[in-house]
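Enquirer: Only the shape, not the letters, is given here:
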């Protein structure tokens, strides 16, 4: 079974996505910030990360950097953020994000992107 790490400081955002993924028979691990995300990556065999940008302590860019530079991993990363400006989107994709969605999210589109990245 595939396992996705959901990283978002908003409880409702994590809960909704987690419920949708579980219906699709995808296991989830949740983290409220980048510190918890980095810890979860060392404790679980994660297949994909769904990541918010604006979080306390370590933000989404810090998590992307950890995955790409420290872990030297090509682990798929999808950003879900309320930030929709070109500069932030470009920074995320240049940093190694595989997809970027602006909140409020279209759950069907995100699910399609997740399934496409997990099938690669």
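Expert: Right, received. Where do you want to start? Given the structure is predicted, the values throughout are model-derived calculations rather than measurements.
Enquirer: mind listing the helices in the protein by residue range?
Expert: Assigned by DSSP state H, the chain shows helices spanning 11-23, 34-43, 60-65, 86-95, 107-119.
Enquirer: Any chance of a markdown table for these, columns mean neighbour count?
Expert: To be clear about C-beta, it is placed using only N, CA and C from the backbone, and glycine gets the same treatment. Compiled in a markdown table, the helices of the chain are given as follows (neighbours: other C-beta atoms under 10 Å):
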| stretch | mean neighbour count |
| --- | --- |
| helix 11-23 | 15 |
| helix 34-43 | 17 |
| helix 60-65 | 22 |
| helix 86-95 | 14 |
| helix 107-119 | 14 |
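Enquirer: Spell out which residues sit in contact with the residue nearest the centre of the chain, please.
Expert: The geometric centre of the chain, computed from its C-alpha atoms, lies nearest to residue 50 (C-alpha atoms, centre = their mean), at 1.6 Å. Contact analysis of residue 50 by C-beta atoms under 8 Å, 6 or more residues apart in numbering lists 4, 5, 6, 7, 8, 17, 78, 80, 110, 114.
Enquirer: how about low-confidence regions in this structure?
Expert: For the chain, the stretches flagged by pLDDT under 70 are 120.
Enquirer: re earlier: quickly note the distance from the residue nearest to the centre of the chain to residue 3.
Expert: Applying C-beta to C-beta, to the nearest Å, one obtains 12 Å for the distance of residue 50 from residue 3.
Enquirer: can you give me phi and psi for residue 71?
Expert: Main-chain torsions, residue 71, degrees, to the nearest 10: phi -80, psi -10.
Enquirer: And it, how close does it get to residue 56?
Expert: Taking C-beta to C-beta, one finds residue 71 at 22 Å from residue 56.
Enquirer: So for those two, which residue has more residues nearby?
Expert: Neighbours per residue, other C-beta atoms under 10 Å: of residue 71 and residue 56, the larger number sits with residue 71, 13 against 10.
Enquirer: That'll do, ta.
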